[in-house]
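Asks: dropping the sequence and predicted coords here.
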Amino acid sequence: MAVDVGNYEHPAWVTAASTVVGYLLVFTVLFVVLFVVPWLLFGTL
C-alpha cells in the first residue's frame with residue numbers, strides 16, 4: 001500500500017512533524033542526562 005506523501009508537504013504538516021521530532025530529541029536527551037548518566041555513575045561505585 002503506497003502512501004501519497006504529496007498530501008503532507010504543506011508547511012503546517014512539516015511544522016507539526018518538526019515539532020514532534022524536536023520534542024522527542026529534547027526528552028531523550030533529558031532522560032539520558034537525568035536517569036542514564038546517574039545510573040551509570042552510581043553503578044560503578
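Replies: That came in fine, so what should we check first?

Asks: tell me the pLDDT of the residue nearest the centre of the chain.
Replies: Nearest residue to the geometric centre of the chain (Cα atoms, centre = their mean): Leu24, 2.1 Å. Note for Leu24: predicted pLDDT of 98.

Asks: and if you look at Met1?
Replies: pLDDT, read off for Met1, is 64.

Asks: try Val33
Replies: Reported pLDDT for Val33: 97.

Asks: what's the neighbour count on it?
Replies: Number of residues near Val33 (other Cβ atoms under 10 Å) recorded here: 10. (Each C-beta comes from the backbone N, C-alpha and C, glycine too.)

Asks: distance of it from His10?
Replies: 35 Å (Cβ to Cβ, to the nearest Å).

Asks: pLDDT below threshold where in the chain?
Replies: 1 (pLDDT under 70).

Asks: secondary structure class for Val29?
Replies: helix (DSSP: H, G, I helix; E, B strand; the rest coil).

Asks: if I look at it, how far off is Val36?
Replies: Distance from Val29 to Val36, counting by Cβ to Cβ: 10 Å.

Asks: for these two, list the residues in contact with both.
Replies: Here Val29 and Val36 share no contacting residue, scored by Cβ atoms under 8 Å, 6 or more residues apart in numbering.
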